[in-house]
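J.: Quick one, fold the following:
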Amino acid sequence: MYHFKNKDRITIYENSARDMTVVQGNSTVIYPFYKSSGHNSQSDQTWFPWMGYFDLHPGQKNQLYMVKPNTQSMSASSIAIIQKYLGAGDKATNFISRMGNDEALAISCSLGGGEWHKYPKFREEIITADATKSYIKLLELESVKKMVLKAPKTNAPVSFKGKGCSGEAMEVQAAMATAMENVVSKETPKFVSAYSVQDKKRFPKTNELAGIAELSHAKAIRDSYISKLSSMKKLSSPQPQDSEALKSSVRLGPGK
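T.: Numbering: from 1, shown residues only. Got it, this is the predicted structure:
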């Protein structure tokens, strides 16, 4: 399995709906992120985490929606900083609920843009705040890739089977959902971690992050040990040429 030598390198995938990427937090949790259009979040061009899969919309037939974090465990100090710059109304409430935990907030801050560009002092405070400073990342853009989707063949619903649900959905939405879920699945194995948000289907709470980091560290040690054992077995196994030489020696016998 291939692993990044530098876990802070990211690839951004562009599509007609929204840009997306996958980031490994300092806790080792693997988070899918998307750049918001601002239509619902009220925070245009701000990066928010999502669960890495889609679900059938409960109120709109044959429609799919991106599943957002179902956990809100942000610290009181982080909430206070957010409300200082975004106010105490719907905008701040949306911002807080979409971030989920302190690490996701710090990653969004590290990615920049959106509210972070609009309020530089906001970004500075999150970078230095006790609750978030250990989660800040120096991210390096490795590449930008275009997601090319085939034009829909029909306006009728098609069968959709995704990471989080299955059912009938409009073809254009099914194609987009499949492509976005596959990007997360493709990027996730590039990191060593015991916790992928997409795979677990659960967004971690802030107070769980330290324990996840310990589990991932143990996994990395175990994987390294298994890899070394495998290499040693390959080295100790008879090579084809050695086997032929041994057979020849047996056929000839001593002194022949």
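J.: only C-alpha atoms for contact and neighbour calcs from this point on.
T.: Fine.
J.: so where is the stretch 151-256 of the chain shaky, pLDDT-wise?
T.: Low-confidence segments of the stretch 151-256 of the chain, defined by pLDDT under 70, span residues 222-225, 227-228, 230-256.
J.: Tell me where the stretch 101-250 of the chain has strands.
T.: With DSSP state E, counting those that start in this stretch, the ranges of strands along the stretch 101-250 of the chain come out as 140-146, 157-161, 166-170.
J.: what helices or strands is the first one leaning on?
T.: In this case it means strand 140-146. When contacts are defined as 3 or more C-alpha pairs under 8 Å, 6 or more residues apart in numbering; DSSP states H and E, strand 140-146 sits against strand 9-14.
J.: who's in contact with the strand it packs on?
T.: Residues outside strand 9-14 that contact it (C-alpha atoms under 8 Å, 6 or more residues apart in numbering): 19-23, 139-147.
J.: related to what we said a few turns ago, of the strands of the stretch 101-250 of the chain, give the one that comes closest to Pro32.
T.: Closest approach to Pro32 among these is made by strand 140-146 (15.3 Å; C-alpha to C-alpha).
J.: could I get the closest one in CSV with only the CA atoms?
T.: What follows is strand 140-146, C-alpha atoms only, in CSV (Å, rounded to 0.1, in the frame of the first residue of the first chain):
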residue,chain,number,x,y,z
GLU,A,140,0.7,21.7,0.4
LEU,A,141,-1.4,21.4,-2.8
GLU,A,142,-0.1,18.4,-4.7
SER,A,143,-2.4,18.7,-7.7
VAL,A,144,-5.8,19.9,-9.0
LYS,A,145,-7.8,17.3,-10.9
LYS,A,146,-11.0,17.8,-13.0
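J.: can you put the strands of the stretch 101-250 of the chain in CSV and add mean neighbour count?
T.: Formatted as CSV, those follow (neighbours: other C-alpha atoms under 10 Å):
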stretch, mean neighbour count
strand 140-146, 11
strand 157-161, 16
strand 166-170, 17
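J.: coming back round to it: and the contacts of strand 9-14, which two are the farthest apart?
T.: Farthest pair in the contacts of strand 9-14, by C-alpha to C-alpha: Leu139 and Met147, 21.6 Å.
J.: returning to what we had before: out of the strands of the stretch 101-250 of the chain, which gets nearest to Thr206?
T.: Among the strands of the stretch 101-250 of the chain, strand 140-146 comes nearest to Thr206, with 24.6 Å by C-alpha to C-alpha.
J.: Adjacent strands (with direction) for the closest one?
T.: Paired strands of strand 140-146, with direction, are strand 9-14 (parallel) (DSSP bridges).
J.: Kindly provide the distance from Lys190 to Ala210.
T.: Applying C-alpha to C-alpha, to the nearest Å, the value for Lys190 to Ala210 is 21 Å.
J.: wait, Asn70 sits on Arg202?
T.: Yes - counting by C-alpha atoms under 8 Å, Asn70 touches Arg202, with 7.4 Å between them.
J.: So between the two, which is more surrounded?
T.: More crowded of Asn70 and Arg202, by other C-alpha atoms under 10 Å: Asn70, with 17 against 14.
J.: Look up the closest residue to that one, ignoring the ones flanking it.
T.: In space, and not counting its chain neighbours, Asn70 is closest to Phe203: 6.4 Å by C-alpha to C-alpha, 6 or more residues apart in numbering.
J.: just to revisit the earlier point, of Lys190 and Ala210, who's got more company?
T.: The neighbour count for Lys190 versus Ala210, taken as other C-alpha under 10 Å, is higher for Lys190 (15 against 12).
J.: now that one: how far from Thr11?
T.: From Lys190 over to Thr11 (counting by C-alpha to C-alpha), the distance is 11 Å.
J.: same question, Leu64
T.: In terms of C-alpha to C-alpha, Leu64 sits 25 Å off from Thr11.
J.: Also Phe160?
T.: 27 Å.
J.: neighbouring contacts of the helix or strand in which Phe48 is found?
T.: Following DSSP states H and E, one finds Phe48 within strand 47-49. For strand 47-49, contacts defined as C-alpha under 8 Å, 6+ apart pick out 31-36, 68-69, 98-100, 104, 108, 111-114.
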